[in-house]
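Colleague: Quick check, what structure comes out for this input:
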Amino acid sequence: MAFVQALSGLYSSSIGLDTISSNIANASTAGYKRSRAEFSDIFESRLKNGVGHGALAPSVEQQFTQGSFKTTNNDLDFSINGNGMFRVVDGLTGTTSNVAYTRNGEFRYALGPTTTGTASAERYIQNAQGNYLTGWAEGVATTATPEPIRLVASMAANATSTSSMRVNLDDRAALIPATKTFSATDPTSFNWSTSQQVFSGVDGDTTPHNLTLYFARQPSATDPTLKSNNWSVYAFLDGQAAGGPQTLNFDAQGKLTAGNALAVSGSVNATVLTVSGQTGAVTSSTTTPTALSIALDLSNSSQFASGYDLGSSIQDGYKDGFLASTSLEPDGTLVGRYSNSQTQNMGRVALATFINPNGLKSIGDNLWQETSYSGTAAIGAAGSGGRGVMNDYSLEESNVDLADELVNMIIMQRNYQANAQTIKTQDEMLRNLAGLR
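Modeller: This is a model prediction of the structure:
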């Protein structure tokens, strides 16, 4: 009788419709991989007439093809272009954490667990389910076991110790008479001045301090009424003398020949403000004299008849800062960008690949776990070992093609209707048979 075959067809079509419905429901799920119901026939070889016994839906397989990419405004939206999966764990305790893998790169900042009733200052990267993204801390080899990536939430202040300025001193400038005593408050005692912001290195001192250089053209050694190619340079820190006078020597072509290094040594008043509560009201202010010693490099300076100019000004100090955003390099290097305009590498995101991704076990929430069928995860850095590269401000969209799914839905619907019609026809035949007298 055809009832058995038709019922198996109804069941198989139902499995197919369930699979299609799940694909359509997840068409907007980042990193989702569409599933495909696979069917097989039932055949009893012992029957002489060779009629099959219907159909089966033995498996539903996910298709790990690349999805398209969508640009976002979130610095912790990551995508993988090519092979590989993000590795996440559900805890920070290492070996006791459960490991899972995902293509969904929707992540967010999260504070570490509480230890004494208050949130830890440590920051991590989590997905919506609370799993931690793993990788390697800066300087740790990618052969080590990945750990939850810890973000450095703040950066301590750093005192300026080296500085470089590239200046052009106007060759047309008049000389400053040797009888003229230099004074930073007397503009007739120098030709030109320029400033650079430097930092005390004291945490909480957010005020830049001024390193000011004053340049005075020297008269000729043989005739004091003629100007020379030598300049006196004086250094001041916040208005206090801190170095010089030192002589800069230029040749006839305006190239610096001597005097390129200047030792700046002085002190600044580091003012630290303390605020309280949510009002941000200042409760105290502490001013501490702080010594600064700066090696100033002027080696790229020149003397051309093209006006005074500060071509470049670089120094290595900065105030303290907090983590403002992150960026992800194609090789998975995570770079922190701080409020003090500094950057710092904080680690590298790990990627996992599998010999047989279809053997992975889906556990929901766009997560998979490895099985004996998938093979052991091969962990490594992006761009190596056949792994894809990473992008930030980007998400991999679902690889579901809605047009294909709607067409497949129509096909499954027709299959279901046809099997139902088979049952109806068989029922009518039985009625006719039962009605024979």
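
Colleague: what kind of secondary structure is Gln417 in?
Modeller: Recorded secondary structure, Gln417: helix (DSSP: H, G, I helix; E, B strand; the rest coil).

Colleague: can you offset everything so residue one is 580?
Modeller: Sounds good: first residue 580 from here, last item Gln996.

Colleague: Would you mind measuring from it to Ser904?
Modeller: Gln996 sits 55 Å away from Ser904, going by CB to CB, to the nearest Å. C-beta coordinates here come from the backbone N, C-alpha and C atoms, glycine included.

Colleague: Lys940: neighbouring residues, count only.
Modeller: Lys940: 12 surrounding residues under other CB atoms under 10 Å.

Colleague: do Ala723 as well
Modeller: 11.

Colleague: What of Asn978?
Modeller: Neighbour tally, Asn978, other CB under 10 Å: 19.

Colleague: Now do the contacts for it.
Modeller: 611-613, 642, 644-647 (CB atoms under 8 Å, 6 or more residues apart in numbering).

Colleague: Only the buried subset of those, as a ChimeraX command please.
Modeller: Selecting only the buried entries of these in ChimeraX, with 16 or more other CB atoms under 10 Å as the criterion:
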select :611,612,613,646
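
Colleague: any idea how far Gly967 is from Ala757?
Modeller: 70 Å.

Colleague: Tell me which of these two has more neighbours.
Modeller: Remark: of Ala757 and Gly967, Gly967 carries more neighbours, 19 against 10, as counted by other CB under 10 Å.

Colleague: before we move on, what SS does the closest residue in space to Arg682 that isn't next to it in sequence have?
Modeller: Closest residue to Arg682 in three dimensions, ignoring its sequence neighbours and counting by CB to CB, 6 or more residues apart in numbering: Gly610, at 3.5 Å. Classification of Gly610 by three-state DSSP places it in coil.

Colleague: close enough to count as contact, Gly610 and Thr681?
Modeller: Yes - using CB atoms under 8 Å, Gly610 is in contact with Thr681, at 6.2 Å.

Colleague: Which residues are in contact with each of those two?
Modeller: Shared contacts of Gly610 and Thr681, defined by CB under 8 Å, 6+ apart, are found at Asn945.

Colleague: just to revisit the earlier point, the residue nearest to Arg682: what's it in contact with?
Modeller: 646, 681-685, 945, 974-975, 977.

Colleague: any idea of the pLDDT on the spatially closest residue to Lys834 that is not a sequence neighbour?
Modeller: With sequence-adjacent residues excluded and distances taken as CB to CB, 6+ apart, Lys834 is closest to Ser881, at 6.7 Å. pLDDT, Ser881: 96.

Colleague: just so I have it, where are all the strands in the stretch 630-779 of the chain?
Modeller: Secondary structure of the stretch 630-779 of the chain (DSSP state E, counting those that start in this stretch): strands at 631-641, 648-650, 657-660, 664-668, 678-681, 687-690, 702-705, 711-715, 726-727, 729-730, 733-734, 741-747, 771-777.

Colleague: Name the strands paired with the last one and say parallel or antiparallel.
Modeller: Each strand that strand 771-777 pairs with, and the sense of that pairing, follows from DSSP bridges: strand 788-798 (antiparallel).

Colleague: Could you export the partner strand as CSV, keeping only the C-alpha atoms?
Modeller: Extracted in CSV, the C-alpha atoms of strand 788-798 (Å, rounded to 0.1, in the frame of the first residue of the first chain):
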residue,chain,number,x,y,z
HIS,A,788,53.6,72.4,29.5
ASN,A,789,55.4,74.7,27.1
LEU,A,790,58.9,74.2,25.9
THR,A,791,59.8,77.4,24.1
LEU,A,792,62.9,78.0,22.0
TYR,A,793,64.2,81.5,21.3
PHE,A,794,66.5,82.1,18.4
ALA,A,795,68.9,85.1,18.1
ARG,A,796,71.2,85.7,15.1
GLN,A,797,74.8,86.3,16.1
PRO,A,798,77.0,89.0,14.6
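
Colleague: which of the residues in that strand are buried?
Modeller: Buried-residue list, strand 788-798, by 16+ other CB under 10 Å: 788, 790-798.

Colleague: Could you list the low-confidence segments of the chain?
Modeller: Scanning the chain for pLDDT under 70 picks out 580-583, 585, 618-637, 673-675, 692-700, 854-863, 1016.

Colleague: At which residues are the helices of it located?
Modeller: Taking DSSP state H as the test, the helices found in the chain are 582-604, 981-1013.

Colleague: Need the winner for burial among those helices.
Modeller: Greatest average neighbour count among these goes to helix 582-604 (a mean of 18), per mean count of other CB atoms under 10 Å.

Colleague: per-domain residue ranges of this structure.
Modeller: Per automatic domain parsing, the domain ranges recorded for the chain read 582-644+978-1013, 648-734+902-975, 741-898.
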